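K.L.:
Structure for this input, please:
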Amino acid sequence: MDIKGMLLNKTTVGASLVLVGAGVALGANLRILNRVLFSLPIVGDVTITRIMGMVVGLLGVAVLTGFDPLSLEDEV
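P.N.:
Down below sits the predicted model:
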């Protein structure tokens, strides 16, 4: 296996998307993106940053599992 195949395989791309999504959803600290839109009892504060992180995380799940939770395959 060459370096290109190792970096551009399904597992690496999917895991990277999941990690970035989780990092953004849980830890980003940009002031304008962290304005609380609303709160939920179990989740807590919902911000634009957390929404973006969830979208990236769901894309990672789609790559890793083949299940497309956002139905993006039909759009592409």
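K.L.:
Which helix or which strand is home to Ala62?
P.N.:
Assigned by DSSP states H and E, Ala62 falls within helix 48-65.
K.L.:
helices or strands up against that helix?
P.N.:
helix 10-27 (3 or more CB pairs under 8 Å, 6 or more residues apart in numbering; DSSP states H and E). Placement of C-beta: from N, CA and C, glycine included.
K.L.:
List the contacts of the helix it packs on.
P.N.:
Residues outside helix 10-27 that contact it (CB atoms under 8 Å, 6 or more residues apart in numbering) are 6, 49-50, 52-65.
K.L.:
Would you mind giving me the ChimeraX syntax to select the buried ones in those?
P.N.:
In ChimeraX syntax, the buried subset of those is picked out as below (16 or more other CB atoms under 10 Å):
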select :49,50,52,53,55,56,57,58,59,60,61,62,63
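K.L.:
Can you verify my assumption that Val61 contacts Phe67?
P.N.:
Yes - Val61 lies in contact with Phe67 (CB atoms under 8 Å); the separation is 6.9 Å.
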